[in-house]
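J.: Predicted model, plus sequence, below.
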Amino acid sequence: MRLSTQDDASALIRSASELYVDDPHAMDVLSDLDRRLREPLRLALAGMVKAGKSTLLNAMLGEQLAPTDAGECTRVVTWYRYSATPMVTMHPHDGPPRRMPIRRDDGHLVLDLGEVAAEDVAWIDVGWPSTGLRSLILIDTPGIASLSRDVSARSTDFLTPDTEPSSADAIVYLMRHMHASDLKFLESFRDTAAGASQTVNAVAVLSRADEIGSGRIDSMLSAGKVARRYEKDGDLSSLSLGVVPVAGLLAESARTLREDEFAAFCELADLDRASREKLMVSADRFTRPSDLTTLPVDVRRALLGRFGIFGVRLASALIRGGARDSTQLSEQLVQQSGLNELQQFIREQFRTRAGALKVRGVLDALEVLLRERPLPGTDDIRGGIERIYATAHTLRELSLLSRARAAGLPLGSSDARTAERIIGGDGTSATARLGLDEMSSPTQQRERLDELLVHWRTLSQSPLAERATVEAARVVIRSLDEIASELGSAVLTGAADVVPAGGPLQGAAEGAEEQGDESESPLSEEHLPDQRPVVAHRDDLQ
């Protein structure tokens, strides 16, 4: 994301502030938008009741900050942001914000509303000195489709408001199975949050993934197969950038593993195979009084509550496999939980696009304000918004990626798959966009880039290509040009046409239209678009 794009958005907010200086409500909105531009990416966790949102949030932070019981605070939207010192603030619907006491119970942060009812609280703001919150603001939302209509409405009103863009820049949506209600919510979030840019900015998480395999050691393999099947579903692929299986309870407990728990797992691992299998055949058998182990029943119940039967079986297996201390066991359990894959996905798909996602949300909200409270002079600001959308390449990439997922691109099947990869469908690193291994050499990257530039420039100049095809090709070419700038390559074919990162939109892609056809190879039939758009899936982009 070019810094100047955020500067342009900030300039529009300042211009709007000069126009609305006498409108207190508008000034509050503009102040919020200015802060949104400067703060980290807002990532919301959403899903049905008991999907494991708070548990996953704790796992991502490595601390037990979000309440996971059925208390009043789980019915309130709660923001977790970085703060040098811990602080918790309640924001009622009516009245000024109130500081809440900071108290921990057995390692858990306790959020106590006191005598205030949950329905009277707009949101809770938790500031915490966690390194995981330096680059992300995490937002925990109440369960959707709760038995309480008011509780469910708090999440839908926050994430998919009727009259304004969503306050979240991106979303992690947890589901245990794919239901029509999940698709309906994700569609509402896309239509509300994406606004004019029509961005796909959600990732689906197959939560409590260890339960899919009934807690067997290979449960995550089974969950992975289910996730890949969901990912290929045409309806879901247009709403989510991917599906990641995660055993949230295991991830949370692994990141907060205690020495006494490691010692208990070591004792279980030392049992002979027959005794171990009998003891762990089921959760019920594991917590019964038994002469198979000297571990007290209350210790086993505590292990089961923290790790689940899958985690208990896996931990003992990992210790038998060589985990020598609690640190090694913790790392290996986290790796098996799927949490690392989810965090990598968030880093590659959301955090690298944080600037673009924030600008998109801010511009959409600014458009709503201009439409609802028109004043003389607002036309210039609307024009500025349109210019940013037209010239900010990262926003054009996100828009094209959304079109690829929702309706397909006006390209042949092979080109559609390649285009989605180049614009960041598999990640935003140069190697991911080029379809190369991370260990590929600079020479290999330049050679692949050279081939792709020739191909897409040829396609963009074809007299047989339709306008939609040419426009898609131009976005792809601009993405390739920026990769060339990243690589610092001066030896590419046609290197003089390369547009430096942050340069003007009119570059090699547009200039290609003015070049003569005789300098390019003829367009073969395989380069022409099919009769219908092709939707490319993640598995096809390897």
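T.: Yep, it's here.

J.: By mean pLDDT, which helix or strand of this structure comes out lowest?
T.: The helix or strand of the chain with the poorest confidence is helix 508-511; it has a mean of 35 (mean pLDDT, DSSP states H and E).

J.: I'd like the distance from the residue nearest the centre of the chain to Asn201, if you could.
T.: With distances taken as Cα atoms, centre = their mean, Ile346 lies nearest the centre of the chain, 4.4 Å away. As judged by Cβ to Cβ, to the nearest Å, Ile346 and Asn201 stand 11 Å apart. Bear in mind the C-beta positions are built from the backbone N, C-alpha and C, glycine included.

J.: Likewise for Arg273?
T.: 48 Å.

J.: rewinding a little: tell me how far the strand or helix carrying the residue nearest to the centre of the chain lies from the chain's centre.
T.: Applying DSSP states H and E as the criterion places Ile346 in helix 339-349. Mean-position distance between helix 339-349 and its chain equals 8 Å (Cα atoms, centre = their mean, to the nearest Å).

J.: Would you map the strands across the chain?
T.: 41-47, 78-82, 87-92, 98-100, 103-105, 108-110, 121-128, 136-140, 170-175, 202-207, 243-246 (DSSP state E).

J.: for the third one, packing partners?
T.: Right, strand 87-92. strand 98-100, strand 121-128 (3 or more Cβ pairs under 8 Å, 6 or more residues apart in numbering; DSSP states H and E).

J.: got the CA coordinates for it in CSV?
T.: The C-alpha trace of strand 87-92 is given here as CSV (Å, rounded to 0.1, in the frame of the first residue of the first chain):
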residue,chain,number,x,y,z
MET,A,87,-6.8,-0.8,31.2
VAL,A,88,-10.4,-1.8,30.7
THR,A,89,-13.1,0.8,29.8
MET,A,90,-16.8,0.2,29.5
HIS,A,91,-18.7,2.4,27.0
PRO,A,92,-22.4,2.5,27.9
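
J.: Have a look at Arg273 and Asn201 and say which one is more surrounded.
T.: Asn201 (27 against 8; other Cβ atoms under 10 Å).

J.: Look up the pLDDT of the residue lying closest to the more buried one once chain neighbours are set aside for me, please.
T.: Take Asn201 and drop its neighbours on the chain: the residue closest to it by Cβ to Cβ, 6 or more residues apart in numbering is Ala170, 4.4 Å away. At Ala170, the predicted lDDT confidence score is 91.

J.: neighbours around Ala170, how many?
T.: Neighbour count for Ala170, taken as other Cβ under 10 Å: 27.

J.: Would you enumerate the residues in contact with it?
T.: 41-44, 201-203, 350, 357 (Cβ atoms under 8 Å, 6 or more residues apart in numbering).

J.: 7 Å instead?
T.: For Ala170, the contacting residues are 41, 43, 201-202, 350, 357, by Cβ atoms under 7 Å, 6 or more residues apart in numbering.

J.: likewise Arg320?
T.: Here Arg320 is in contact with Ala269 (criterion: Cβ under 7 Å, 6+ apart).

J.: about what we covered before: would you mark the buried spots in the helix holding Ile346?
T.: Across helix 339-349, burial judged by 16 or more other Cβ atoms under 10 Å covers 339, 341-343, 345-346, 348-349.

J.: What ranges in the stretch 1-150 of the chain fall below the confidence cut-off?
T.: 1-3, 69-73, 145-150 (pLDDT under 70).

J.: show me where it has helices.
T.: 3-19, 24-38, 53-61, 149-159 (DSSP state H, counting those that start in this stretch).

J.: Determine which of those helices approaches Lys232 most closely.
T.: Closest to Lys232 of these, according to Cβ to Cβ: helix 53-61, at 23.6 Å.

J.: Run the angle between the closest one and helix 339-349 for me.
T.: In terms of direction (axes from the mean of the first three to the mean of the last three Cα atoms, to 10 degrees), helix 53-61 departs from helix 339-349 by 80 degrees.

J.: Could you list the alpha-carbon positions for helix 53-61 in CSV?
T.: C-alpha atoms of helix 53-61 as CSV (Å, rounded to 0.1, in the frame of the first residue of the first chain):
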residue,chain,number,x,y,z
LYS,A,53,-14.3,-17.2,19.2
SER,A,54,-13.0,-16.2,22.6
THR,A,55,-10.9,-19.3,22.9
LEU,A,56,-9.3,-18.6,19.5
LEU,A,57,-8.7,-15.0,20.4
ASN,A,58,-6.9,-16.1,23.6
ALA,A,59,-4.8,-18.6,21.5
MET,A,60,-3.8,-15.8,19.1
LEU,A,61,-2.6,-13.6,22.0
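
J.: follow-up on the earlier one: okay if I get the strands of the chain as CSV plus distance to Ser253?
T.: Putting these into CSV (distance: least, Cβ to Cβ, whole Å) gives the following:
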stretch, distance to Ser253
strand 41-47, 18
strand 78-82, 19
strand 87-92, 24
strand 98-100, 26
strand 103-105, 17
strand 108-110, 13
strand 121-128, 20
strand 136-140, 18
strand 170-175, 17
strand 202-207, 15
strand 243-246, 13
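
J.: Which among these is found nearest to Asp157?
T.: Nearest of the strands of the chain to Asp157, taken as Cβ to Cβ: strand 121-128 at 10.2 Å.

J.: Check the protein for its longest helix and report it.
T.: For the chain, the longest helix by residue count, based on DSSP state H, is helix 297-320.

J.: Which one of the strands of the chain lies nearest to Arg300?
T.: strand 108-110 (21.2 Å).
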